[in-house]
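>>> missing the sequence, but the structure's below:
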């Protein structure tokens, strides 16, 4: 009892225990996010801070392409594919009002076109 109280009453020990706790939590979270193999995926970035490796998920590039409204569907598709260098995109051409699932997929881009295959509003968007 008394030895335990004396040991943890030192500010240095308290700081060390807190630091150790946060490092262990960070490593646990890191292990859950890091790819299963030794090589990170192309979507992960390794950050080293004072000897501790942390793997961060890299956010996607462009999310929306408003400047493509009014261009041809094929020109829009080509530009979107050129913008994305890390993953293969699932590009979908849709008519305005077409039923779509409301789920989110990072690699999906929906392009709404009219009957002349011209990009219309809403602008092409990831998801």
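Structure received. Note that the structure is predicted; figures quoted are calculated from it, not measured. Numbering: from 1, shown residues only.
>>> use CA for all of it now, contacts and neighbours both
Noted.
>>> output the below-cut-off pLDDT ranges for the chain.
The model of the chain has pLDDT under 70 over residues 1-61.
>>> now the strands for it?
Under the criterion DSSP state E, the chain contains strands at 44-49, 52-57, 90-95, 108-113, 125-126.
>>> other SSEs contacting the shortest one?
Read it as strand 125-126. Using 3 or more C-alpha pairs under 8 Å, 6 or more residues apart in numbering; DSSP states H and E as the contact test, the elements touching strand 125-126 are strand 108-113.
>>> got the angle between the strand it packs on and strand 90-95?
Here strand 108-113 points in a direction 30 degrees away from that of strand 90-95 (axes from the mean of the first three to the mean of the last three C-alpha atoms, to 10 degrees).
>>> which parts of strand 108-113 are buried?
Neighbour counts over strand 108-113 (16 or more other C-alpha atoms under 10 Å) mark 109, 110, 111, 112, 113 as buried.
>>> can you check stretch 91-110 too?
For stretch 91-110, the neighbour count (16+ other C-alpha under 10 Å) marks 91, 93, 94, 109, 110 as buried.
>>> how about the helices in the protein?
For the chain, applying DSSP state H gives helices covering 2-9, 11-33, 73-83.
>>> quick revisit: so which pair among the buried residues of strand 108-113 is furthest apart in space?
Pairwise distances across these peak at 12.8 Å for 109 and 113 (criterion: C-alpha to C-alpha).
>>> list residues touching both of these two?
In terms of C-alpha atoms under 8 Å, 6 or more residues apart in numbering, residue 109 and residue 113 are not both contacted by any residue.
>>> next, the contact list for residue 112, please.
With C-alpha under 8 Å, 6+ apart, residue 112 has these contacts: 93, 94, 95, 96, 119, 120, 121, 122, 123, 124.
>>> thank you kindly, that will do.
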